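A.B. asks: what shape does this take:
(chains A and B, ligands or ions: 3)
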2 protein chains.
Amino acid sequence: MAEIGEVEDHLADERRKAEFDVSAMKVVWAGSRHELEITDRMARIVASDPVFRKDNRAMLSRKELFKNSLKKAAHAWRRIIELRLTEEEASKFRSSVDEACYPDLHWGMFVPAIKGQGTDEQQKKWLPLAKKLQIIGCYAQTELGHGSNVQGLETTATFDPETDEFVIHSPTLSSSKWWPGGLGKASTHAVVYAHLITNGEDHGIHGFIVQLRSLDDHSPLPGITVGDIGTKFGNGAYNSMDNGVLQFDHVRIPRDQMLMRISQVTRDGKYLVSDVPRQLVYGTMVFVRQTIVQDASIALSRAVCIAVRYSSVRRQFGSQNGGPESQVIDYKTQQSRLFPLLASAYAFRFVGEWLKWLYTDVTQRLQANDFSTLPEAHACTAGLKSLTTSVTSDGIEECRKLCGGHGYLCSSGLPELFAVYVPACTYEGDNNVMLLQVARFLLKTVSSLASGHPPVGTASYFGRAEHLMQCSCEVRTADDWLKPSVILEAFEARAARMVIACAKNVSKTLVLEEGFSEFSIDLVEAAVAHCQLIVVSKFIEKLQQDIPGSGVKEALQVLCSVYALSLLHKHTGDFLSTGCINPKQASLANEQLRSLYAQVRPNAVALVDSFNYTDYYLNSALGRYDGNVYPTLYEAAWKDPLNDSVVPDGYHEYIRPLLKQQVTSRAARL
Amino acid sequence: MAEIGEVEDHLADERRKAEFDVSAMKVVWAGSRHELEITDRMARIVASDPVFRKDNRAMLSRKELFKNSLKKAAHAWRRIIELRLTEEEASKFRSSVDEACYPDLHWGMFVPAIKGQGTDEQQKKWLPLAKKLQIIGCYAQTELGHGSNVQGLETTATFDPETDEFVIHSPTLSSSKWWPGGLGKASTHAVVYAHLITNGEDHGIHGFIVQLRSLDDHSPLPGITVGDIGTKFGNGAYNSMDNGVLQFDHVRIPRDQMLMRISQVTRDGKYLVSDVPRQLVYGTMVFVRQTIVQDASIALSRAVCIAVRYSSVRRQFGSQNGGPESQVIDYKTQQSRLFPLLASAYAFRFVGEWLKWLYTDVTQRLQANDFSTLPEAHACTAGLKSLTTSVTSDGIEECRKLCGGHGYLCSSGLPELFAVYVPACTYEGDNNVMLLQVARFLLKTVSSLASGHPPVGTASYFGRAEHLMQCSCEVRTADDWLKPSVILEAFEARAARMVIACAKNVSKTLVLEEGFSEFSIDLVEAAVAHCQLIVVSKFIEKLQQDIPGSGVKEALQVLCSVYALSLLHKHTGDFLSTGCINPKQASLANEQLRSLYAQVRPNAVALVDSFNYTDYYLNSALGRYDGNVYPTLYEAAWKDPLNDSVVPDGYHEYIRPLLKQQVTSRAARL
Ligand SMILES: Cc1cc2nc3c(=O)[nH]c(=O)nc-3n(C[C@H](O)[C@H](O)[C@H](O)COP(=O)(O)OP(=O)(O)OC[C@H]3O[C@@H](n4cnc5c(N)ncnc54)[C@H](O)[C@@H]3O)c2cc1C
Ligand SMILES: Cc1cc2nc3c(=O)[nH]c(=O)nc-3n(C[C@H](O)[C@H](O)[C@H](O)COP(=O)(O)OP(=O)(O)OC[C@H]3O[C@@H](n4cnc5c(N)ncnc54)[C@H](O)[C@@H]3O)c2cc1C
Ligand SMILES: [Ca+2]
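C.D. replies: Ligands and ions are numbered 1, 2, ... in the order given. Now for the predicted structure:
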């Protein structure tokens, strides 16, 4: 690593303990040599550029923070052009900058929306402008009153045949667009979702390209009220983003700014549906959610990297005969909280990689008009979005707690990581709403079993439902739990039995919707079981591939078992109550887990080194590569604005008078 | 409530649904009419005083925030004296101000340390100064290198018989005091914990009163380096507090500033231990932890109040025939996440109340030299500290997520509540370390069963271990789960079986410490089971008392069952694997739980109204008493500094040049 020069490596002993080839593991983590090379090169360029400095982020005011993020965005764009980066490189470059800002939405939502929903003509007009940043766009769907329920949006786009325009309007306060990132201050344009109304008829929600601000002086166009929705969770964090509010007072746009790939409005106001399949829209969703799963593995691995390194440096208790105290990573309870998260980071990485493949597969099928796998792919990405973001949010906070008091300081890097990450549980589909969608898909899968439709993809285990309903786990020794087939069958049986039990309960109710609602709590638990199975099975599949590098596959095998068995332990109730395993087998799983933790222990630091994060990227006094924790914390402290003066501002007005006043005992009753 | 005047009450329908007398429930929640009256009166005085304004807290810079909190502290002190408040009133007044600041540590740690560890003479000298705020004190124990392991602290206090002084010294960087609240900028004095050394002999950790700053100009005294340790988690939140760093370079203090109630150093440097029992120190710990449990119930109830009210206002999906959409509180999945937290808030309130009694009981026994219940009381408070703060932290964040996107805005009040609350999991004993202490106590309890020592207090169920190891749950119908005796036996049997299984495993190892370490993960789980049992049993005991008010007891009975059965559901694995219940009974518990949620539903808003929080205190656009959510969110947004100008600062430097630049396709490879 570039960061260690003359300084002592306090983690050298830990690194010597590693039983696998870290450089080979780096390739596995990155996905390929090629990806490792690019990620590494981009990360270093960003890390060495003082404009991208971020260690002061928690101390900036909202305005300073926002201005600074505009500066970074502009500088990043300039560097991307100067360095003549490819699209792949540019995207890694931007994520290395690691600061939420309008380009995230411009590149991540605005451009894809035009690509996915615009006609060829519209794409030809708008994409070059967007791709050269001659316009800045955002994605304006959510309103003050409606997020999850998109059909409930209240903004209207009424066609006026006289002028060949749409009139975009916000009829109520709750119809104000609310949340779109980049909207508040930066964007010149937005894709706005609104009810399309022609000839008095409501055709449901459609997307429209609307210019918001003058390209000359950035002032809002007539009829447009726009601003920022205020400070969000955390210091720094997502406050560099201008999530915005937007109201339209009868704003007119030309007819050709409705995104018309899937449906059109003609010159005379007729509403037409094209032969392009509506389902294409789901393709984009699969894409976006796949990146969210990737991001989950990055955020979680970052937190785990900090906590593992600090736990190896931190010593507390257990000194024998005046020797050094124990490293806290040696405490079993610390391991039992930390190592399952380490394993989850790897698990999410591999399931994310697989989702990339799934996206290509779905896209190819869509092009060939094959929609058969779409519901399954859609449910699968919705479920994995929910599962991975929930675990990652909780996991970052757990890592922070694992660092004791020091984790509460911004200089640990963990508070900001948490605050910037958690909205992933909410945006792109509230996690609970996502699980309910998965549950609906699973109920449908079960009900169509009878009709002879074989379930596909991640639901194909339902094809073996009969076996899974009555199979019994064969574990007799703790080592039996290391067999992938045993693990897989236990997870499949658990998910199948939970889903089918729900299906039976629901089918007993007269009205399906009532049954769904009545048993929705159980359904959500069953959906979680299904999603966990997917992650477990993709980890196992990954290990069936050839993985080069001394000890690499072995180390991953241990993590895979830790992932599965720690889940099994956490959800023992599911496995026992469905009769998938018995109490003795649950206890053998625990025994195996203890022994697995001992196997992870010597490799822990090497396993987080394999993420290949720079110290710049981690931005954490506790997670430094060289483990030089205490001097770094100490130096960071003195930089706080509160230390600008020894005697604080406010002393003369608010402290001195107190200290000097004479409180007579008569005056106070205290 | 004072807050609703002319404005429509959007929650009026909800309030009409309530099946119990809210004013009677307010008394139950407050503890007594007397407490309700005081709390209410203090809360209103603070809420109506513009100096205590806090809605802008998330937008202030660290320095502004700190200065403002000094202002509030000074103003609070002035008002407390002007209004001639009693100690009880003053304490409620301070907590109504709801801003972390040096008085918390001064009154909460500095004064109690002198009371608990100072001789009568020392108390006579220092307490009047402290009580009149002529000095400001903090509690300086934790160091950069040591928190949990107090014995590992490195600061030294070496007696110099020549001058009759102690020399306080920080020998290493890691011995720097680090974290004490109020230390960084405000305190003039500290109780400093250091190794006492006389005649070259180390007598372990003792407390010393050390003056840090001049009482004339607040400058640090010679040999003292002191400052703030930097920005912490969250906007506003705990950043109004000056957690500090402190180093001593051979600082001399008179001998009589060692706190000498329990041990003394004589003029000639002899170390004496007084006949005052050391255990007295534990009394203070029981006291402090009891207040932490009280605070947990307050923080959790605050978050739940916001989430329940907003969930009743928020409508999403489920519109039928163009009617209004469903209130999200009507979704079972929302209920299953929210109502157990509502029940936990009440459960923690009652166990906190009981802990107050326990503290009085322990104090009386200590005065009578009866130490028999001390280990049990100590373990019990350690465990409840851990349990309630963990659940509360997670619970606040869950409430935030239950509010969807809007929960992520600071104007929801939830981000700050979370960030200011979470360190409770760490300070006053890391929660995991606390559980390990409980585990040790439980192992001792089990091992002394044989020797005929009857276990006392919250451990007395081990006296019925034989029965609990083989009893079987009698539940046949869902309604059987409503019987307190059934619940209690299930929780007792689960805890007893888990603890005894651990004890057996540990006893099989040759070295006890190794066994403890090897099975520490299971031991921590057993300790949690024990602590949950305590909370359940105290809730049940509460309901055996006379509780006046129409429908009040009934409503609480429902919450008690929700609390117990939601825990049972979450930990089904424990109950099944120990054979305390069978899968059929687990499923009946779930069935009962579903019906209980339906019973909570009409009372939900009334149950949070019973906390009697003012809108000022909640500081939440989502949690407003009148449910007028959207206009409040909207108005709060425009107050953000980023909305000071329509075109943002930075536009001319960083946005305009991008929009105007011509990127030739030759230049970029994109
Ligand atoms: C940081 C951030 C960035 C964002 N960026 C954008 C953006 O760029 N563009 C944009 O358009 N939007 C954006 N959003 C908005 C985001 O997409 C929505 O907040 C999200 O879709 C959730 O919707 P909601 O807020 O309406 O939640 P709600 O639906 O109101 O959820 C509230 C609660 O109700 C529950 N609930 C809702 N419906 C049901 C149901 N049917 N059954 C059971 N429970 C239910 C939920 O689980 C949740 O607990 C952003 C949000 C955030 C926080
Ligand atoms: C906001 C805040 C305010 C504070 N105020 C004060 C104050 O006023 N005065 C003061 O003196 N201090 C204060 N503190 C310090 C606080 O008391 C310590 O942070 C706390 O005691 C935890 O200790 P630690 O930070 O050393 O954690 P560590 O002990 O370093 O914990 C790190 C990890 O190691 C684990 N661990 C440690 N020991 C063991 C073991 N034996 N077995 C298994 N696992 C173990 C822990 O569970 C944790 O996961 C404050 C801290 C905070 C965050
Ligand atoms: Ca479960």
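A.B. asks: show me what contacts the residue of chain A found nearest ligand 1?
C.D. replies: The nearest approach of chain A to ligand 1 comes at A:Gly147, 2.1 Å away (CB to the nearest ligand atom). For the C-beta atoms, the positions are set from N, CA and C on the backbone; glycine is no exception. If a contact means CB atoms under 8 Å, 6 or more residues apart in numbering or on different chains, then A:Gly147 has A:179, A:430, B:316, B:404-405 as its contacts.
A.B. asks: burial of the residue nearest to A:Lys92 when sequence neighbours are not counted, as a residue count?
C.D. replies: Here the nearest residue to A:Lys92 in space, its sequence neighbours aside, is A:Met42; by CB to CB, 6 or more residues apart in numbering or on different chains that works out to 4.2 Å. Using other CB atoms under 10 Å in any protein chain shown, A:Met42 has 23 other residues around it.
A.B. asks: can you check A:Asp13 too?
C.D. replies: With other CB under 10 Å as criterion, A:Asp13 counts 12.
A.B. asks: ok, it to chain B distance?
C.D. replies: Separation of A:Asp13 from chain B (CB to the nearest CB, to the nearest Å): 18 Å.
A.B. asks: follow-up on the earlier one: ok, and of the contacts of A:Gly147, which contact ligand 1?
C.D. replies: Contacts with ligand 1 within these, counted by CB under 6 Å from any ligand atom: A:179, A:430, B:316, B:404-405.
A.B. asks: closest to A:Lys385 among those residues?
C.D. replies: The closest of the ones next to ligand 1 among the contacts of A:Gly147 to A:Lys385 turns out to be A:Asp430 (CB to CB; 10.3 Å).
A.B. asks: any part of the lengthiest helix in chain A near ligand 2?
C.D. replies: If you go by DSSP state H, chain A has its longest helix at helix A:332-367. Yes: applying CB under 6 Å from any ligand atom, one finds helix A:332-367 touching ligand 2 at A:333-334.
A.B. asks: same question, stretch A:295-303
C.D. replies: No: Stretch A:295-303 lies out of reach of ligand 2 by CB under 6 Å from any ligand atom, never closer than 13.6 Å.
A.B. asks: is that stretch anywhere near chain B?
C.D. replies: No: applying CB under 8 Å from any CB of the partner chain, one finds stretch A:295-303 separated from chain B by no less than 13.7 Å.
A.B. asks: okay, buried residues for that stretch please.
C.D. replies: A:295-303 (16 or more other CB atoms under 10 Å in any protein chain shown).
A.B. asks: can I get those in TSV including pLDDT?
C.D. replies: Converted to TSV, the buried residues of stretch A:295-303 look like this (pLDDT from 0 to 100):
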residue	pLDDT
A:Asp295	97
A:Ala296	98
A:Ser297	98
A:Ile298	98
A:Ala299	98
A:Leu300	99
A:Ser301	99
A:Arg302	98
A:Ala303	99
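A.B. asks: wasn't A:Gly207 part of a strand?
C.D. replies: Yes: assessed by DSSP: H, G, I helix; E, B strand; the rest coil, A:Gly207 belongs to a strand.
A.B. asks: that one against A:Pro112, yeah?
C.D. replies: No: look at A:Gly207 against A:Pro112 with CB atoms under 8 Å: they stay out of range, at 11.5 Å.
A.B. asks: the two: who's more crowded?
C.D. replies: A:Gly207 (27 against 16).
A.B. asks: so what pairs up with that one in the strands?
C.D. replies: Taking DSSP bridges as the rule, A:Gly207 bridges to A:Tyr193.
A.B. asks: need the residues of the stretch 301-450 of chain A near ligand 2, please.
C.D. replies: Checking the stretch 301-450 of chain A against ligand 2 by CB under 6 Å from any ligand atom, the hits are A:314, A:316-317, A:328, A:331, A:333-334, A:402, A:404-406, A:408.
A.B. asks: just give me the closest of the residues you listed to A:Leu355.
C.D. replies: A:Leu402 (28.6 Å).
A.B. asks: any of the contacts of A:Gly147 buried? List them.
C.D. replies: Applying 16+ other CB under 10 Å to those flags A:179, A:430, B:316, B:404-405 as buried.
A.B. asks: among the residues you listed, which lie within helices?
C.D. replies: Per DSSP H, the subset of those in helices is empty.
A.B. asks: using CSV, lay out those residues together with pLDDT and distance to A:Thr172.
C.D. replies: Output for these, formatted as CSV (pLDDT from 0 to 100; distance: CB to CB, whole Å):
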residue, pLDDT, distance to A:Thr172
A:Trp179, 98, 17
A:Asp430, 98, 22
B:Gln316, 97, 16
B:Gly404, 98, 19
B:Gly405, 98, 18
